[in-house]
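> Below is the sequence, then the predicted model.
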Amino acid sequence: MSLPNPSFEDLVGMDPLAFFASWYEEALSANIVEPAAMALATATPAGEPAVRIVLLRKQDERGFVFFTNYLSRKGEELASNPRAALAIHWAELQRQVRIEGSVEKATAEESDHYFHNRPFGHRLGALVSAQSEVVADRAVLERRLAELTEQYAHGQEVPRPEHWGGYRVIPHTIEFWQGRENRLHDRLRFRRQSDGSWLRERLSP
């Protein structure tokens, strides 16, 4: 006698952060071109939205971390309105994760650790780019990169700019979407309760 297939609720369980980690590991193993890519939505205090793709660089029980220039447009919006939404889509697996929450800066230690483990050229790029600012042409960037490449060519440590580092999205809502036949997709939403526990709800597709 065969056992019934487990329900989506049985597969997901009651810890959305642990379940996300398992899905992410599966995405890393699925030969997806960029499994860490996620859409990040921010808004001004007036409610004007903006969205762009960033890379998930760390995930744990505290939340989801990406790194960027604090003086960029997203940095300015997060400084004045520290809330964000994330969406991660793994089309090959017919899976999507949506995350909403508050945002805080990662610690200096976290940012230093990540920065100093980046490729040499990426570290120089963080010094070159005044992200989101108008630049006359590409030659300006390439000239500055050449200057810095020469400056740090002899093994000196490239310093992490004070305006560059991590943000952590601390989730209050996480939704898992699994594609199914006839568009009767599975959707489970978790909402953080005042006592820190998670309320799990099934949503209609």
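Cool, the structure landed.

> which residues does Phe176 bridge with?
Taking DSSP bridges as the rule, Phe176 bridges to Val97, Leu188.

> Please apply the same query to Leu86.
Leu40, Ile99.

> so it sits right up against Thr42, yeah?
No. Contact criterion Cβ atoms under 8 Å: Leu86 and Thr42 do not qualify, at 10.5 Å. For glycine as for every other residue, the C-beta is placed from the backbone atoms N, C-alpha and C.

> show me what contacts the spatially most central residue of the chain?
The centroid of the chain falls nearest to Leu56 when counting by Cα atoms, centre = their mean (3.6 Å). By Cβ atoms under 8 Å, 6 or more residues apart in numbering, the contact list for Leu56 reads Tyr24, Ala36, Ala37, Met38, Phe64, Val65, Phe66, Ile88.

> just these now: which is nearest Arg123?
Proximity of those to Arg123 (Cβ to Cβ) peaks at Phe66, which lies at 16.8 Å.

> Let's verify that closest one: helix, strand, or coil?
Following DSSP: H, G, I helix; E, B strand; the rest coil, the label given to Phe66 is strand.

> Report the contact partners of it.
With Cβ under 8 Å, 6+ apart, Phe66 has these contacts: Met38, Leu40, Val54, Leu55, Leu56, Arg57, Gly166, Tyr167, Val169.

> Ala84 now?
Ala84 neighbours (Cβ under 8 Å, 6+ apart): Leu40, Ala41, Thr42, Leu78, Glu100, Gly101, Val103, Tyr167, Val169.

> Including neighbour count and pLDDT, could the residues you listed go into CSV?
Shown next, in CSV, are the contacts of Ala84 (neighbours: other Cβ atoms under 10 Å; pLDDT from 0 to 100):
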residue, neighbour count, pLDDT
Leu40, 24, 98
Ala41, 16, 98
Thr42, 23, 98
Leu78, 23, 98
Glu100, 17, 98
Gly101, 20, 98
Val103, 21, 98
Tyr167, 24, 98
Val169, 26, 98
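
> Please convert these to TSV, extending it with distance to Glu48.
Listed next are the contacts of Ala84 as TSV, based on distance: Cβ to Cβ, whole Å:
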residue	distance to Glu48
Leu40	15
Ala41	11
Thr42	10
Leu78	14
Glu100	18
Gly101	20
Val103	17
Tyr167	19
Val169	20
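
> re earlier: could you report the distance from the residue nearest to the centre of the chain to Val97?
Distance check for Leu56 against Val97: by Cβ to Cβ, to the nearest Å, it reads 10 Å.

> do Phe19 as well
Taking Cβ to Cβ, one finds Phe19 at 9 Å from Val97.

> which residues are in contact with both of the two?
Phe176.

> Could you check how far Glu181 is from Glu92?
Glu181 is 17 Å from Glu92, by Cβ to Cβ.

> between the two, who's got more neighbours?
Glu92 (12 against 6; other Cβ atoms under 10 Å).

> Can you name the residues that contact the more buried one?
Applying Cβ under 8 Å, 6+ apart, the residues near Glu92 are Ala30, Asn31, Ile32.

> Look at the first one and give its secondary structure.
It refers to Ala30. Classification of Ala30 by three-state DSSP places it in coil.

> now do Glu147
Under the three-state scheme (three-state DSSP), Glu147 adopts helix.
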